[in-house]
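Asks: The sequence isn't on hand, but the structure is:
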């Protein structure tokens, strides 16, 4: 069995891809090229830091929705559904600025992994700044191990999960500061330090983690109502909480 690991800087972050399939090396390279080509397309379409991106031009009123690529409509439709599912806490228009980033990163990674499966890769891990989707398993194991970063100690983990065919999304305040707003009060969410959601789809898990962070302490009870998802939360005062079904392999105390 061959393997390939590649890390590239895309979408403003280091993104790592681990392909662990019994495929020729040149085929693994081709698959990796396709993943990063796709992520660059997503960045060019959805980056709010690029004035010429479709989402920036749509937000400024220079584009109408029908002027945009079909994937833009797909993302906006799903974000509208997520606004309803999260009782308005996942809001891509907070402060009047169009920003679907809380969904796009996870959606893009999920789409990339779905394409990998279609093209013959059954064992891979794609990690975009802590939002991870894994499929199959690496050689010699029956699960991938995914570490959840300790929210105060950058070189430590709060939990290690063992997962397969699973999305793991984390939203926190420890890297970008208080960047998630409570859309109802218009102020930064401060009650929770880190929220991790585990589920079948990374875009959805990413949005749920962002929404729970915005809810503050109420987000802990809300996460418990989500069917088919597990979660882990670290509060700003240092309490570590997790659902009973979280697939923990090892744990340290935050």
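Replies: Everything's here; your move. This one's a predicted model, so the numbers in the text were calculated from it and none came from an experiment. Residues are numbered from 1 along each chain as shown.

Asks: Residues contacting stretch 201-212, please?
Replies: Stretch 201-212 is contacted by residues 78-79, 82, 86, 89-90, 102-110, 113, 131-133, 167-171, 180, 192, 195-199, 219-220, 222-223, 226, 229, 231, 233 when judged by CB atoms under 8 Å, 6 or more residues apart in numbering. C-beta: built from backbone N, CA, C; applies to glycine.

Asks: Quick one: mean pLDDT over it.
Replies: Mean pLDDT, stretch 201-212: 98.

Asks: Give me the buried positions along it.
Replies: By 16 or more other CB atoms under 10 Å, the buried positions in stretch 201-212 come out as 201, 202, 203, 204, 205, 206, 207, 208, 209, 210, 211, 212.

Asks: Looking at these, which is nearest residue 154?
Replies: Distance ranking of the buried residues of stretch 201-212 against residue 154, using CB to CB, places residue 209 first at 18.9 Å.

Asks: State the phi and psi torsions of the closest one.
Replies: According to degrees, to the nearest 10, the main-chain angles of residue 209 amount to phi -60, psi -40.

Asks: what sits against the nearest residue to it once chain neighbours are set aside?
Replies: Spatial nearest neighbour of residue 209, excluding adjacent residues (CB to CB, 6 or more residues apart in numbering): residue 171 at 3.9 Å. Residues near residue 171 by CB under 8 Å, 6+ apart: 102, 180, 194, 195, 206, 209, 210, 212, 213.

Asks: try 6 Å this time
Replies: 195, 209, 210, 213 (CB atoms under 6 Å, 6 or more residues apart in numbering).

Asks: Turn those residues into a markdown table, columns for secondary structure and distance to residue 29.
Replies: Below are the contacts of residue 171 laid out as a markdown table (DSSP: H, G, I helix; E, B strand; the rest coil; distance: CB to CB, whole Å):
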| residue | secondary structure | distance to residue 29 |
| --- | --- | --- |
| 195 | strand | 36 |
| 209 | helix | 32 |
| 210 | helix | 34 |
| 213 | helix | 37 |
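
Asks: Could you identify the most distant pair in the residues you listed?
Replies: 195 and 210 (7.9 Å).

Asks: May I see the buried residues of stretch 58-75?
Replies: 58, 59, 63, 68, 71, 72, 75.

Asks: Correction: the previous question concerned stretch 180-188.
Replies: Those would be 180, 181, 182, 183, for stretch 180-188 by 16+ other CB under 10 Å.
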